[in-house]
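> I'd like to go over a predicted model; first the sequence, then the structure.
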Amino acid sequence: MKLFSVPIKMFEIEIKGEKLKKFLDNSLSDITEVEIRRKDEEMSGYIIGTKDNDIILRSNKKLENGKKYEIRFTTDRGIITFETNSKGEIEGSKPPLILLELPKSLMICERRRYMRVRVPKSSEVIIKRDNGYALFCMLSDISLGGFSVFMNIKDKMIEYFLPMLNEDVGFSMKLVNNKKIDLDGRAVLKHYSLGSDGKYKAGFYFSKTDKGKLKQLISFLMKKEKKK
């Protein structure tokens with residue numbers, strides 16, 4: 001997956017202070033593939049390890065000395081992100097190695113927040129636009145960050161029922177298993193596409209919902225998958 005596709009709001013755990021260096025040393029003990037971004041430019045590379053208060057990076061593109069970059073990589077715990085400044089290339093290194101400043105803090109997006117779980121086939125979602133129109137959908141999958149739905153909608157009605165990209169809408173979902181589980185709140189449309197079967201699939205991320213109830217729901221579905 002593209003790590004920068006995960007919204008920054010999903011990174012809820014912060015590590016700083018004395019724990020930071022130890023965490024990075026443990027996480028970067030082996031060569032680690034990373035994604036790098038500065039403004040609208042994205043690139044990739046590998047962190048070779050740490051030395052004193054620096055991080056050693058091999059990048060597929062040259063980083064500007066003194067500029068700030070965001071770094072993301074994955075561990076067993078989830079996606080890690082932090083901001084750092086480039087200190088320039090290590091003289092004489094081949095291929096060129098770049099020194100990065102040790103960040104002041106880092107954030108973690110736990111795996112369960114972006115790993116989606118399947119739902120019972122009969123699960124339903126109603127998308128409620130603020131213009132008064134509502135759209136009935138079938139729930140495809142769900143995570144702590146958001147959910148995907150299938151929509152059976154006629155082309156001429158799209159402008160009324162299908163939300164605009166980045167539009168915040170209300171939702172009400174009902175998961176049917178041995179017992180009915182309800183969840184409602186608000187969510188933002190991030191993408192949609194038309195499949196060969198003529199149905200639209202859309203992805204939303206949560207903007208407002210009962211987090212405690214959502215965590216219980218995800219935990220229940222993950223346990224159900226493990227039993228299969």
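Looks like it arrived, so ask away.
> Okay, domains of this structure per the record?
The record's domain parsing of the chain by automatic domain parsing lists 3-110, 117-227.
> Those domains into CSV, with extra columns for mean pLDDT and mean neighbour count?
In this view, the C-beta of every residue, glycine as well, is placed from N, C-alpha and C. Output for the domains of the chain, formatted as CSV (pLDDT from 0 to 100; neighbours: other Cβ atoms under 10 Å):
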stretch, mean pLDDT, mean neighbour count
domain 3-110, 90, 15
domain 117-227, 83, 15
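> so Ile8 sits right up against Glu83, yeah?
No - in this structure, Ile8 is not within contact of Glu83 by Cβ atoms under 8 Å, at 10.9 Å.
> Next, the residues that contact the lengthiest helix in the chain from outside, please.
Of all the segments of type helix in the chain, defined by DSSP state H, the longest one is helix 211-227. With Cβ atoms under 8 Å, 6 or more residues apart in numbering as the test, helix 211-227 has contacts from Arg112, Val117, Arg118, Val119, Ile142, Ser143, Leu144, Leu175, Asn177, Ile181, Leu183, Phe206.
> Verify the stated contact: Met107 with Phe11.
Yes - using Cβ under 8 Å, Met107 is in contact with Phe11, at 3.7 Å.
> Common neighbours of the two, please.
Taking Cβ under 8 Å, 6+ apart as the criterion, Met107 and Phe11 both touch Thr81.
> what helix or strand is the closest residue to Met164 other than its chain neighbours on?
Nearest residue to Met164, sequence neighbours excluded (Cβ to Cβ, 6 or more residues apart in numbering): Leu189, at 7.0 Å. Assigned by DSSP states H and E, Leu189 belongs to strand 180-194.
> Export that strand to PDB, keeping only CA atoms.
What follows is strand 180-194, C-alpha atoms only, in PDB (Å, rounded to 0.1, in the frame of the first residue of the first chain):
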ATOM      1  CA  LYS A 180     -27.600  -6.900  14.600                       C
ATOM      2  CA  ILE A 181     -24.900  -4.300  15.200                       C
ATOM      3  CA  ASP A 182     -25.600  -0.700  14.400                       C
ATOM      4  CA  LEU A 183     -23.200   2.200  13.900                       C
ATOM      5  CA  ASP A 184     -23.800   5.700  12.800                       C
ATOM      6  CA  GLY A 185     -22.000   9.000  12.500                       C
ATOM      7  CA  ARG A 186     -20.400  11.000   9.700                       C
ATOM      8  CA  ALA A 187     -17.800  10.200   7.100                       C
ATOM      9  CA  VAL A 188     -15.900  11.800   4.200                       C
ATOM     10  CA  LEU A 189     -15.900  10.400   0.600                       C
ATOM     11  CA  LYS A 190     -12.300   9.900  -0.500                       C
ATOM     12  CA  HIS A 191     -12.700   7.900  -3.800                       C
ATOM     13  CA  TYR A 192     -15.100   6.000  -6.000                       C
ATOM     14  CA  SER A 193     -15.000   3.900  -9.200                       C
ATOM     15  CA  LEU A 194     -17.300   2.100 -11.500                       C
END
